[in-house]
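when you get a sec, could you give me coordinates for this:
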Amino acid sequence: MSWFEELGFEENPFDLDPEFSVRSSVGLEKPLDELVYYVNSGSMIFVEGPVGSGKSVLLRKLADKLGGKAVWVDASHGNVDLRAAVRSKTSFLDRIFGRSPKNIMLMIDNAASLSAPAQDLLKYYYDNNHFGAVVLAGSSLKSAG
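So this is what the prediction gives:
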């Protein structure tokens, strides 16, 4: 029996596995419910908080809750291929007939690193209903380029 099992835990609470963090996050229920509300209303929102505050975990929990209509990307390197995100949600038949998907739920982690051209493309896709809702997350909105 492991030390954490002796204390009543099923898994090591200090495990650094991100999947464990998503399963065991505590205290994110209310922010998650609020995000679901804003996503369902078609909003573009920014989740702000310091490094390590749970923004990424919150986005992953949101993606789990929304299922197949969600796309999660990390902009920490500045290069985000939004066209690929849209293509990933375009069915084979829609590609054949030249139809674009509508109302994709996009989540961008480390959004402050998003390049200016990617920001412009994001606005274009949002304005044309390719993205039904957008959730941006980062440590500060002011540093977004």
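
and Lys61, how many neighbours?
Residues contacting Lys61 under the criterion other CB atoms under 10 Å number 21. To be clear about C-beta, it is placed using only N, CA and C from the backbone, and glycine gets the same treatment.

middle-most residue in the chain, spatially?
Met107 (3.0 Å; CA atoms, centre = their mean).

got the contact list for that one?
Counting by CB atoms under 8 Å, 6 or more residues apart in numbering, Met107 touches Leu59, Leu62, Ala63, Ala70, Val71, Trp72, Val73, Val134, Val135, Leu136, Ala137.

likewise for Asn103?
Counting by CB under 8 Å, 6+ apart, Asn103 makes contact with Gly42, Lys69, Asn129, Phe131, Gly132, Ala133.

if we go to 6 Å?
Contact partners of Asn103, counting by CB atoms under 6 Å, 6 or more residues apart in numbering, are Gly132.

Met105 too?
For Met105, the contact set (CB under 6 Å, 6+ apart) comprises Val39, Leu66, Lys69, Ala70, Ala133.

that one belongs to a strand?
Yes. Under DSSP: H, G, I helix; E, B strand; the rest coil, Met105 falls within a strand.

just for the protein, where's the confidence low?
Residues of the chain meeting the criterion pLDDT under 70: 4, 10-26, 141-145.

at 80 instead, please
In the prediction, the chain carries residues with pLDDT under 80 at positions 1-5, 7-28, 52, 67-69, 77-79, 86-87, 89-91, 94-95, 98-103, 140-145.
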